[in-house]
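[1] Predicted model, plus sequence, below.
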Amino acid sequence: MPLRLSPTLRDRLAAAERPLFGGWVCSGSPVMAEIMAGSGLDWVLIDMEHAPNGLESTLAQLYAVSAYPVTPVVRAPAADPVTIKQILDLGAQTVLVPMVSTPDEARTVAEAAQYPPAGRRGVGSALARSARWNRVDGYLQNAADHVSVFVQIETAEGAAAAEAIAATPGIDGVFVGPSDLAASMGVLGQQTHPDVIAAVHRAFDGVTATGKPVGVNAFNPQAAHAYAEAGARFLLVGADVALVARASEALATTFIHDRDDPTRASY
C-alpha cells in the first residue's frame with residue numbers, strides 16, 4: 001500500500017502565517033523527545049552534535065515523535081556526507097548541518113542530501129525507513145520533495161556570507177546560532193551582546209534577501225520575541241535538559257532551607 005510522508009520543515013514554513021517555535025531535544029532520550037513532541041510546539045530538534053546521540057538513539061527519537069503533529073529536525077554532528085546520508089536513510093526528512101561558513105561548505109551539504117545528478121547521496125532507499133522500504137511511490141524520483149536541508153551559520157565569516165550561503169541551490173533555509181557566533185566574535189557566552197545581535201540581524205538580512213527562511217536559537221524570551229519581530233521564521237526557544245535543570249533547581253529552592261535560619265522554614 002503506498003504511503004505518504006509528512007511535510008518537511010520547508011513545507012511547514014511555506015504554509016505558516018506566523019513564526020514556528022520549537023524545542024531542542026538534547027537528552028538523547030526517546031521519552032523526553034515524546035514529551036517535547038506532545039507539548040504543542042511546532043517542531044523539535046533532535047541533536048547529534050552536542051547530545052549523546054548516535055544513529056540508533058536518533059532513530060528511536062524519530063519513532064517517539066512520529067505520533068504527534070510536530071515536525072522533527074535532526075541536526076547532524078558535522079557536514080559529513082556519509083552521516084547526512086545515514087540520517088536521511090533513518091527517515092529524517094529535515095536535516096540541519098552546523099558550522100557552515102561559506103557557500104562551498106553549503107554546496108557540499110546540499111549535494112550530500114540529493115541523489116544524482118543534482119547531488120551525490122547514496123542510493124539505498126529500498127533498504128531504509130526514508131522510503132518506508134519502497135512503500136512511498138516514486139521516492140527516488142521525488143526525493144527532493146520529501147527532504148529539506150538547512151544549514152547553521154555560527155561564525156562571523158558565515159554571517160558575512162549569509163546571502164551567498166542561503167542562495168546555494170539545494171539549501172532550503174538558514175539557522176543562526178548566536179552562541180558560537182559570539183565565541184567567534186571574541187565575546188564568548190554573551191549571546192545578547194550588541195555586536196552579536198547586530199551580526200545576527202545582518203545574517204537575517206542576507207538570508208531574507210534570497211527569499212529563504214531564516215531561524216535562530218533564543219532561549220531568552222525577550223530575545224526570541226525580538227528576533228521573531230526582526231524576521232525569524234523559526235526559532236528554538238527551549239531545551240529538554242535546560243527545562244528539567246531549571247525546574248529541578250526551583251524545587252530545591254522551594255523545599256530545601258537553611259536549618260540555621262528557622263524563619264525560612266515553612267514546616
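    Here it is on my side, so go on. Numbers count the residues shown, from 1 in each chain.
[2] So, low pLDDT: which residues of this protein?
    Across the chain, the ranges flagged by pLDDT under 70 are 1, 257-267.
[3] Pick out the residue nearest the middle of it.
    In the chain, the residue lying closest to the centroid (C-alpha atoms, centre = their mean) is residue 45, at 4.5 Å.
[4] what bridges to it?
    Using DSSP bridges, the bridge partners assigned to residue 45 are residue 24, residue 73.
[5] For it, give its distance to residue 9.
    Separation of residue 45 from residue 9 (C-beta to C-beta, to the nearest Å): 10 Å. Every residue, glycine included, has its C-beta placed from N, CA and C.
[6] ok, the residue nearest to the centre of the chain touching residue 25?
    Yes. Using C-beta atoms under 8 Å, residue 45 is in contact with residue 25, at 6.4 Å.
[7] Report the set of residues contacting both of residue 45 and residue 9.
    residue 73 (C-beta atoms under 8 Å, 6 or more residues apart in numbering).
[8] Residue 92 contacts residue 75, correct?
    No. Assessed by C-beta under 8 Å, residue 92 is found out of contact with residue 75, at 9.8 Å.
[9] got any residues that touch both of those two?
    Residues touching both residue 92 and residue 75 (C-beta under 8 Å, 6+ apart) are residue 46.
[10] export the helix or strand where residue 244 lies as CSV, just CAs?
    Element membership for residue 244 (DSSP states H and E) is helix 240-255. Provided in CSV are the C-alpha atoms of helix 240-255 (Å, rounded to 0.1, in the frame of the first residue of the first chain):
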residue,chain,number,x,y,z
ASP,A,240,14.6,19.5,27.4
VAL,A,241,17.7,19.3,29.6
ALA,A,242,17.6,23.1,30.4
LEU,A,243,13.9,22.9,31.3
VAL,A,244,14.5,20.0,33.7
ALA,A,245,17.6,21.6,35.1
ARG,A,246,15.8,24.9,35.9
ALA,A,247,12.6,23.2,37.2
SER,A,248,14.6,20.9,39.5
GLU,A,249,16.6,23.8,40.8
ALA,A,250,13.3,25.6,41.5
LEU,A,251,12.1,22.6,43.6
ALA,A,252,15.3,22.7,45.6
THR,A,253,14.9,26.4,46.2
THR,A,254,11.3,25.9,47.3
PHE,A,255,11.7,22.9,49.6
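[11] Now do the helices in the stretch 151-267 of the chain.
    156-160, 162-166, 178-184, 194-208, 221-229, 240-255 (DSSP state H, counting those that start in this stretch).
[12] contacts for the third one?
    When you say that, I think you mean helix 178-184. Residues external to helix 178-184 that are found in contact with it (C-beta under 8 Å, 6+ apart): 99, 153-159, 188-193, 196-197, 199-200, 216-218.
[13] just the second one next, same as before
    Outside of helix 162-166, the residues within contact range by C-beta under 8 Å, 6+ apart are 100-103, 105-106, 151, 153, 158, 171, 173-174, 202-207, 209-210, 212, 214.
[14] what are the bridge partners for residue 239, then?
    Counting by DSSP bridges, residue 239 is bridged to residue 24.
[15] Help me confirm that it comes into contact with residue 24.
    Yes. Counting by C-beta under 8 Å, residue 239 touches residue 24, with 3.7 Å between them.
[16] what's the offset of stretch 39-58 from the middle of its chain?
    Centre-to-centre, stretch 39-58 and its host chain are 8 Å apart (C-alpha atoms, centre = their mean, to the nearest Å).
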